[in-house]
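Q: please work out how this folds:
(chains A and B)
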Protein chains: 2
Amino acid sequence: MTAAADPNNRAPAAVSPGHFADRLHAAITRTGVPGCIGLDPVLDRLPASVRSKKDSAAEQIERFCLGVIETVAGIVPAVKPQSACFERYGQAGYGALRRVIIAARAAGLIVILDAKRGDVGFTAEHYAAAIFGAPGAEPPGHAADAVTLNAYLGMDSVAPFLAYPGRGVFILVRTSNPGSDDVQSQRLADGRTVAEMMADHIAALGRGGGRLGAHSLSSVGAVVGATKSAEAGALRARMPETIFLVPGYGAQGGTLDDLRPMLRSAASAADSGILVNAGRSVLFPPSPEGPDFRHAIREAAKRFAADLTSLF
Amino acid sequence: MTAAADPNNRAPAAVSPGHFADRLHAAITRTGVPGCIGLDPVLDRLPASVRSKKDSAAEQIERFCLGVIETVAGIVPAVKPQSACFERYGQAGYGALRRVIIAARAAGLIVILDAKRGDVGFTAEHYAAAIFGAPGAEPPGHAADAVTLNAYLGMDSVAPFLAYPGRGVFILVRTSNPGSDDVQSQRLADGRTVAEMMADHIAALGRGGGRLGAHSLSSVGAVVGATKSAEAGALRARMPETIFLVPGYGAQGGTLDDLRPMLRSAASAADSGILVNAGRSVLFPPSPEGPDFRHAIREAAKRFAADLTSLF
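A: Presented below is the predicted three-dimensional model:
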């Protein structure tokens, strides 16, 4: 790592009410729920009342997401828009994503943009500016609170995102897809798996330069799938101060019992160090739509919230 | 890997004039140059004649890239637009990227979108549709010929991109940045590095389902940095049919001698199995601008082309 790229050489972000992990801690305390709703709109699955032949796909997914945001604000502390679902619709989708992020923040939700970016040097700086918003720049960028990253390129690929005070990152460690073993389960000569090696990098990075908040949780988080619970305890031991963003719960098969080994503390939701994502199970609930699609989503979000609350 | 996600279960792309590796082979044969120009426009560095206070940043970088495309078509076979440089400018930047890709294809250039995407399931399908264009969809997507991918999530993350006949992928193996050792140089218990393990996955994937073209080159390529020449011979031995997309040449320190161990054949540029990228050294040449910024770029592109041609 070059001196310039070393995040330890940057001015530390002050531990303040604006620290990402502290803001998330406060939001989880307020709702009691260590979970977020994935905004993964899929055009074919939108409720009939949102579909309209006279509107573009981007307009329809935006309208759906704005309805979901209005519905889940107050139930969960955060949402996780999936960049691909918007990028799919090109320039119009990009604009829709921006408005969805703004609406979610206005509704008091913390916004984690699921973009899984990973690049280096000025390219990574461009991604960080696009996602977090460059100060004074026009256009100002997305202004997400946090972003998911892929650090196969090394930890210098993460550094430009850490230069934004008050923002967070979640780096892929152990993902919930069947093919993830191809890379993440490979055993190193020193006995660790590739995922555990990534975990150690994250733990070390997360302790540096003002990145630990008031509750000893770091603004450098990790993505750990709920379907990998057999490995979750070992990953938690390696990353005691790391917030786990947890996909794979619900529709993908992860259960409450799969979450327990990930808990940093079972004393409170805010100190648990997990943020569990529910996507399809809340967005596209099996119950009939009724006069307002938001009703079934509200009920599904409440069930998800109650399930997570029962962990504590 | 699930059956549905296994690319071997998909209908093979026919080995035809449309096969990506064959199209690239023909384009390299036509120009004699196994190289591409990276379209990495950085606003601050644009020539004065392109800058204009009355135009948006996106308009300025688009105008610059269109000038570069017009200048390098016929000198090199391909261009590599950097998605981040356009995404940085939001919705307008996204539109500019689309028009730049269309212009490059119209100029006869093969377009490799450097987006380093990596995700799974329907999310990866959305990225593939955004980048390659979904048949009959509106908007139709970017229509790039190939894309760079990050396969930390496993080889099922690559599968949706392979469902597009005639398109190619380049998967990150060994990148040119200083921090890449953090992950890619880690030694596995079986003696391979993480990069070599990724190389083996790529070689295996690249041999399946109609992915080898008429010249025994695969539509599944690899990204191998020019600054890692000590490892390049071993990577070539593991990936004999793989086209190496090579960043890090020129401005980042890679030399012609660094390229030699990567060559699959020194008999011809088209069979060499390399596609070397030049970005800043061509886009922002040190010589004075003169009346037309394209003059210095043309000269720099010709020098780059002549250097690469001297390898054969």
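
Q: residue A:165 against residue A:18, yeah?
A: Yes - when contacts are counted by Cβ atoms under 8 Å, residue A:165 is listed as touching residue A:18 (6.6 Å). Yep, even glycine has a C-beta here, placed from its N, CA and C like the rest.

Q: with neighbour numbers in mind, choose between the two.
A: residue A:165 (17 against 12; other Cβ atoms under 10 Å in any protein chain shown).

Q: quick one, grab the pLDDT at that one.
A: pLDDT recorded at residue A:165 is 90.

Q: on the three-state scheme, it is what?
A: coil (DSSP: H, G, I helix; E, B strand; the rest coil).

Q: how about the helices in chain A?
A: A:20-31, A:57-72, A:83-87, A:90-106, A:121-132, A:159-162, A:181-184, A:194-207, A:229-238, A:256-259, A:280-283, A:293-309 (DSSP state H).

Q: is chain B contacted by the second one?
A: Translated: helix A:57-72. Yes - judged by Cβ under 8 Å from any Cβ of the partner chain, helix A:57-72 comes into contact with chain B at residue A:57.

Q: ok, now how distant is residue A:202 from residue A:173?
A: As for residue A:202, its distance to residue A:173 is 7 Å (criterion: Cβ to Cβ, to the nearest Å).

Q: who touches both of those two?
A: residue A:222 (Cβ atoms under 8 Å, 6 or more residues apart in numbering or on different chains).

Q: looking at those two, which one has more neighbours?
A: Higher neighbour count among residue A:202 and residue A:173: residue A:173, with 31 against 28, using other Cβ under 10 Å.

Q: OK, contacts around the residue nearest to the more buried one when sequence neighbours are not counted?
A: Leaving aside its sequence neighbours, residue A:173 sits nearest to residue A:222 (Cβ to Cβ, 6 or more residues apart in numbering or on different chains; 4.5 Å). With contact taken as Cβ under 8 Å, 6+ apart, residue A:222 is in contact with A:170-173, A:198-199, A:202, A:235, A:239, A:242-245.

Q: where does pLDDT dip in the stretch 151-300 of chain A?
A: A:287-289 (pLDDT under 70).

Q: up against chain B, what does the stretch 151-300 of chain A have?
A: Residues of the stretch 151-300 of chain A lying near chain B (Cβ under 8 Å from any Cβ): A:151-157, A:172, A:175, A:177-184, A:186-191, A:194, A:197-198, A:201.

Q: so which of those residues sit within strands?
A: residue A:172 (DSSP state E).

Q: let me see the contact set for the closest residue to residue A:56 other than its chain neighbours.
A: In space, and not counting its chain neighbours, residue A:56 is closest to residue A:92: 5.8 Å by Cβ to Cβ, 6+ apart. Taking Cβ under 8 Å, 6+ apart as the criterion, residue A:92 is in contact with A:56, A:57, A:58, A:59, B:91, B:139.

Q: check the gap between residue A:92 and residue A:274 for me.
A: Counting by Cβ to Cβ, the gap from residue A:92 to residue A:274 is 35 Å.

Q: same deal with residue A:283?
A: Distance from residue A:283 to residue A:274, by Cβ to Cβ: 21 Å.

Q: same deal with residue A:229?
A: Going from residue A:229 to residue A:274 by Cβ to Cβ gives 12 Å.

Q: quick check: residue A:68 touching residue A:37?
A: Yes - with contacts counted by Cβ under 8 Å, residue A:68 reaches residue A:37, the gap being 6.7 Å.

Q: quick check: neighbours shared by these two?
A: A:79, A:283.

Q: between these two, point out the one with more neighbours.
A: The residue with more neighbours, out of residue A:68 and residue A:37, is residue A:37; 30 against 24, by other Cβ under 10 Å.

Q: beta partners for that one?
A: On the basis of DSSP bridges, residue A:37 is bridged to residue A:79, residue A:278.

Q: report how many residues lie close to residue A:265.
A: Residue A:265 has 12 nearby residues by other Cβ under 10 Å.

Q: quick check: closest non-adjacent residue to it.
A: In space, residue A:265 is closest to residue A:271, 4.3 Å off (Cβ to Cβ, 6+ apart).

Q: now do the contacts for the one you found.
A: Contacts of residue A:271 (Cβ under 8 Å, 6+ apart): A:25, A:215, A:217, A:264, A:265.

Q: do I have it right that the second one meets residue A:21?
A: Read it as residue A:215. Yes - counting by Cβ under 8 Å, residue A:215 touches residue A:21, with 6.8 Å between them.

Q: so which of those two has more stuff around it?
A: In this view residue A:215 and residue A:21 are compared by other Cβ under 10 Å, and residue A:21 has more residues nearby, 26 against 20.

Q: correct me, but that one touches residue A:218?
A: Yes - counting by Cβ under 8 Å, residue A:21 touches residue A:218, with 5.9 Å between them.

Q: overlap of the contact sets of these two?
A: A:212, A:243.

Q: now do residue A:303 against residue B:303, distance only.
A: 65 Å.

Q: typo on my end, residue A:180
A: 44 Å.

Q: let me see the contact set for the closest residue to residue A:264 other than its chain neighbours.
A: Of all residues not flanking residue A:264 in the chain, residue A:273 sits nearest, at 3.3 Å (Cβ to Cβ, 6+ apart). For residue A:273, the contacting residues are A:217, A:236, A:241, A:242, A:243, A:244, A:262, A:263, A:264, A:265, by Cβ under 8 Å, 6+ apart.
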